[in-house]
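Colleague: Dropping the sequence and predicted coords here.
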Amino acid sequence: MDWVQKTPASADGLSGTNLERAGEHNQRVILQGIRANGPVTRTDLSALSGLTPAAVAKITNRLLDEKLIKRDGKILGGRGQPASKFVIRPDGAYALGLNIDRDHTTLVTMDFDGGVVDRTAMETHFALPEDVLDFVLKTIERLKREKPFIMKRLSGIGIGIPDRLGDIPLPNKPPSYEAWSRIDVCAVFAEALGLPAFSENDATAAAIGELHFGSGRMHQHFIFTLISAGLGCGLIIGGQPYRGADGRSGEIAFLSRNLFSDLPGDGIVQDHVSLYALYAYLAEQGVKVATPGEISPDDPRQAAAIAAWTDRAATELLGTAAVINGVLNPEAHIIGGRLPAALAERLCERLNALMAARLPQAPCIAPFRPAKASEDAAPMGAAMLVFQNRFLPKPEVLMKTGTV
């Protein structure tokens, strides 16, 4: 199935080429130049890409014909004809972004300019593949009825999903949930929807969402720690997601909690830093919650327990965070996911204090900051996978392979 792509490639920056067979790459480069810098003129795009003015003119005319970009005024006052400025057409393309996790499923529809035109969520613990597929199909049927966008411009579905979703031990996980480990998620959704499908680890998808819709406006090198039903970490290096040799970078959840410290007890970091870990800790204190919306630091019945758990979570993350800081030298360490914003802010404050106290000789300590993207960073990042793979620059376009 040509539409299925398990590990989408990252963009290679705005560098065009005049090599033969590079037409698709050049078009993607110009489109990204407009998307990232618009409104821009053809002169701007030529300077950004290194392509000749004639090549840029040909590509922009083609993009206008394909209704992926539009003119947005002109620069007046110079010699000759006023130069047109170009921007992305939000309605030029749309993508579905699906985030599947143990405690929820969220589906967004995003336009080409990054605007979310529809969002729907299913707060169901351990939903099975058939439940999630039914949820997506029913949402698409509703969208067809309501027509909030041009359905024929729907370009694909991106899926942000935790690695080994079905077989990671978690409290109350039913045996049937192992079904997730027996299916090819991309193939299932591509066949059922008749759309190209692309998948990514949920933490990396959230990091991509933060890159495009949050801290990426300020930082091109950052770590994104996703605290949701489980724990994950996405790496953004040089403005691109870094996946590692096997696509498994950022697997901090499975590190021994005693690897860097003498914390009491055994287990892995995820056992103590996740929403499920928070729910379990609150239950031990006599407070029963099952969704992020039920967590309330301002509730006197929860406040003390939440504060204690947040301090504990900072201690659990400290060793891992210190090693990441020293090895990767990021600009920032972002905390996000479905953890309520007040808790994420408190966790960042505590980690900043601990890092300063424990690493007095470190030449550079990246600050911890709450995510700027919404809790939907993962599905929005998943939607970006579609645009990345269908329209934006990919390094392998320039690589010779055994197929044409």
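Modeller: Cool, got the structure.

Colleague: Low-confidence stretches in the stretch 301-404 of the chain?
Modeller: Judged against pLDDT under 70, the low-scoring parts of the stretch 301-404 of the chain cover residues 394-404.

Colleague: Mind doing that once more with 50?
Modeller: Counting by pLDDT under 50, the low-confidence segments of the stretch 301-404 of the chain come to 395-404.

Colleague: Direction included, what does the host helix or strand of A95 pair against?
Modeller: The secondary structure element spanning A95 is strand 94-100 (assigned by DSSP states H and E). Strand 94-100 has the following strand partners under DSSP bridges: strand 105-111 (antiparallel), strand 154-161 (parallel).

Colleague: Tabulate those strands (TSV), appending distance to S256 and mean pLDDT.
Modeller: (C-beta placed from N, C-alpha, C; glycine too.) What follows is the strands paired with strand 94-100, written out as TSV (distance: least, C-beta to C-beta, whole Å; pLDDT from 0 to 100):
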stretch	distance to S256	mean pLDDT
strand 105-111	31	98
strand 154-161	25	97
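
Colleague: Dump the strand holding A95 to PDB, restricted to CA.
Modeller: Output for strand 94-100, consisting of C-alpha atoms alone and laid out as PDB, is shown next (Å, rounded to 0.1, in the frame of the first residue of the first chain):
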ATOM      1  CA  TYR A  94      -6.600  19.600   5.000                       C
ATOM      2  CA  ALA A  95      -5.300  16.800   7.200                       C
ATOM      3  CA  LEU A  96      -6.700  14.700  10.000                       C
ATOM      4  CA  GLY A  97      -4.600  14.300  13.100                       C
ATOM      5  CA  LEU A  98      -5.400  11.400  15.400                       C
ATOM      6  CA  ASN A  99      -3.900  10.900  18.800                       C
ATOM      7  CA  ILE A 100      -4.500   7.400  20.300                       C
END
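
Colleague: So that it lines up with my notes, have the first residue be 170 from now on.
Modeller: With 170 as the first residue, the last one maps to strand 263-269.

Colleague: what about it, average pLDDT?
Modeller: Mean per-residue pLDDT for strand 263-269: 98.

Colleague: so how far is it off the chain centroid?
Modeller: From the chain centre to the centre of strand 263-269 is a distance of 11 Å (C-alpha atoms, centre = their mean, to the nearest Å).

Colleague: Mind checking the strands paired with strand 263-269 for the one nearest to R311?
Modeller: Set against R311 and scored by C-beta to C-beta, these come closest in strand 274-280, at 10.7 Å.

Colleague: How about residues contacting that closest one?
Modeller: Residues outside strand 274-280 that contact it (C-beta atoms under 8 Å, 6 or more residues apart in numbering) are 259-260, 262-268, 285-291, 293, 296, 301, 304-305, 308, 312, 317-318, 323, 545, 547-549, 552-553.

Colleague: Listing partners with orientation, what would you give for the next helix or strand after it?
Modeller: Downstream of strand 274-280, the first helix or strand assigned by DSSP H and E is strand 285-291. Each strand pairing with strand 285-291, determined using DSSP bridges, is listed with its direction: strand 274-280 (antiparallel).

Colleague: picking up where we left off before, can you flag the buried ones in the contacts of strand 274-280?
Modeller: By neighbour count, with 16 or more other C-beta atoms under 10 Å, the contacts of strand 274-280 hold 259-260, 262-268, 285, 287-288, 291, 296, 301, 304-305, 308, 312, 318, 323, 545, 547-549, 552-553 as buried.

Colleague: which helix in the protein runs the most residues?
Modeller: For the chain, the helix that runs over the most residues, judged by DSSP state H, is helix 469-497.

Colleague: helices or strands up against that one?
Modeller: Identification of packing neighbours for helix 469-497 by 3 or more C-beta pairs under 8 Å, 6 or more residues apart in numbering; DSSP states H and E yields strand 391-396, strand 400-406, helix 444-453, strand 501-506, helix 510-527.

Colleague: Return the most buried member of those.
Modeller: Greatest average neighbour count among the helices and strands packed on helix 469-497 goes to strand 391-396 (a mean of 29), per mean count of other C-beta atoms under 10 Å.

Colleague: who does it touch, helix- and strand-wise?
Modeller: If contacts are counted by 3+ C-beta pairs under 8 Å, 6+ apart, strand 391-396 sits against helix 371-382, strand 400-406, helix 469-497, strand 501-506.

Colleague: Swap in 7 Å and give it another go.
Modeller: Of the remaining helices and strands, those touching strand 391-396 by 3 or more C-beta pairs under 7 Å, 6 or more residues apart in numbering; DSSP states H and E are helix 371-382, strand 400-406, strand 501-506.

Colleague: what's the angle from it to helix 444-453?
Modeller: 40 degrees (axes from the mean of the first three to the mean of the last three C-alpha atoms, to 10 degrees).

Colleague: Strand 391-396 - what's its average pLDDT?
Modeller: Per-residue pLDDT values across strand 391-396 average out to 96.

Colleague: what sits up against it?
Modeller: Contact partners of strand 391-396, identified using C-beta atoms under 7 Å, 6 or more residues apart in numbering, comprise 371-372, 375-376, 379, 384, 401-405, 442-444, 493, 497, 499-506, 508.

Colleague: Walk me through which strands it pairs with, and which way each runs.
Modeller: In the sheet containing strand 391-396, the strands it pairs with under DSSP bridges are strand 400-406 (antiparallel), strand 501-506 (parallel).

Colleague: hey, C-alpha coordinates of it in PDB?
Modeller: Provided in PDB are the C-alpha atoms of strand 391-396 (Å, rounded to 0.1, in the frame of the first residue of the first chain):
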ATOM      1  CA  PHE A 391      14.400  21.500  22.600                       C
ATOM      2  CA  ILE A 392      13.300  18.400  24.500                       C
ATOM      3  CA  PHE A 393       9.600  17.800  24.800                       C
ATOM      4  CA  THR A 394       8.500  15.600  27.700                       C
ATOM      5  CA  LEU A 395       5.000  14.300  27.200                       C
ATOM      6  CA  ILE A 396       3.100  13.500  30.400                       C
END
